[in-house]
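> Model the structure of this input:
(chains A and B)
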Amino acid sequence: DAKTTQPNSMESNEEEPVHLPCNHSTISGTDYIHWYRQLPSQGPEYVIHGLTSNVNNRMASLAIAEDRKSSTLILHRATLRDAAVYYCILRGWLGGANRDDKIIFGKGTRLHILP
Amino acid sequence: NAGVMQNPRHLVRRRGQEARLRCSPMKGHSHVYWYRQLPEEGLKFMVYLQKENIIDESGMPKERFSAEFPKEGPSILRIQQVVRGDSAAYFCASSRVEGDGYTFGSGTRLTVV
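Numbering: from 1, shown residues only, chains lettered A, B, ... in the order given. Got it, this is the predicted structure:
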């Protein structure tokens, strides 16, 4: 998996939107951008993923830059339960030359939600 | 539809004993992954298995650690002759096919005393 860069930590107020940035300047054309999060004392959980177009689901939105060298995970209205470590991960398309399927976690961004 | 089930949730072992961690993947999932998380550190990949096959064990320590995913039953991560440095949270994840998102279990917290 190619490398991503995220801020170590961020703070946000409850009930406000949160924008979590991720830089991936070495992304290849077939890399998907995945986001996972890990709540305290729990296993990671899948949040969202995308390739080129922006994506929305019930948990969050993913905004992908036109050159794909960065992306932003958007929590539209943060709650205290969104306090977690958020991981931005690149996964290669398995139809390409690289069939490495395992997810490699970096340090992620620790999101603090202020009541 | 139960998620990934790991047991036990907490395991205490004395130095030199064996630890066996179990993981039952989600129904219909045939790919299993094990990760280790040391206190205040990130998740480190250990091993990727499919039924009866080890696909990638590049993250497994060379000694004392082994993993299996038999045709029937859960995946087992086995740690022989545990040492204090093995104390960590061990997470298992499963996926239906290659490239799918992972579903993680709640982990087994191993404490070696």
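
> all contacts plus neighbour counts: C-alpha atoms, from now on.
Fine.

> For the most centrally placed residue in chain B, give the beta-bridge partners.
Residue closest to the average C-alpha location in chain B (C-alpha atoms, centre = their mean): B:Trp34, at 3.9 Å. B:Trp34 forms beta bridges with B:Val47, B:Cys92, as assigned by DSSP bridges.

> Also A:Leu114?
A:Asn13.

> Get me the contact residues on chain B for chain A.
Within chain B, the positions near chain A by C-alpha under 8 Å from any C-alpha of the partner chain are B:33, B:41-45, B:48, B:91, B:98-99, B:101-107.

> Check chain B for the residue nearest chain A and tell me.
Closest to chain A within chain B is B:Ser106: 4.9 Å, counting by C-alpha to the nearest C-alpha.

> Number of residues surrounding that residue?
When neighbours are defined as other C-alpha atoms under 10 Å in any protein chain shown, B:Ser106 has 21 of them.

> before we move on, what about the one 5 residues further on?
When neighbours are defined as other C-alpha under 10 Å, B:Thr111 has 20 of them.

> which residues touch it?
When contacts are counted by C-alpha atoms under 8 Å, 6 or more residues apart in numbering or on different chains, B:Thr111 is found next to B:His10, B:Leu11, B:Val12, B:Arg13, B:Arg84, B:Asp86, B:Ser87, B:Ala88.

> quick one: it and B:Glu41, what's the gap?
As judged by C-alpha to C-alpha, to the nearest Å, B:Thr111 and B:Glu41 stand 16 Å apart.

> now B:Asp56
To B:Glu41, B:Asp56 is 22 Å away according to C-alpha to C-alpha.

> Those two: who's more crowded?
B:Asp56 (17 against 11).

> At which residues are the strands of chain B located?
For chain B, strands defined by DSSP state E occupy the ranges B:5-7, B:10-13, B:19-24, B:31-37, B:43-50, B:53-56, B:65-68, B:75-79, B:88-95, B:103-104, B:108-112.

> hey, C-alpha coordinates of the fourth one in PDB?
Only the C-alpha atoms of strand B:31-37 are listed here, as PDB (Å, rounded to 0.1, in the frame of the first residue of the first chain):
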ATOM      1  CA  HIS B  31     -10.500 -14.400   4.100                       C
ATOM      2  CA  VAL B  32      -9.100 -13.800   7.600                       C
ATOM      3  CA  TYR B  33      -6.500 -11.300   8.800                       C
ATOM      4  CA  TRP B  34      -4.800 -10.900  12.100                       C
ATOM      5  CA  TYR B  35      -3.400  -7.700  13.500                       C
ATOM      6  CA  ARG B  36      -1.600  -6.800  16.700                       C
ATOM      7  CA  GLN B  37      -1.900  -3.500  18.600                       C
END
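
> Mind checking the pLDDT average for it?
On average, the pLDDT along strand B:31-37 is 96.

> Now do A:Pro40: how many residues are near it, please.
The number of residues packed near A:Pro40 is 11, by other C-alpha under 10 Å.
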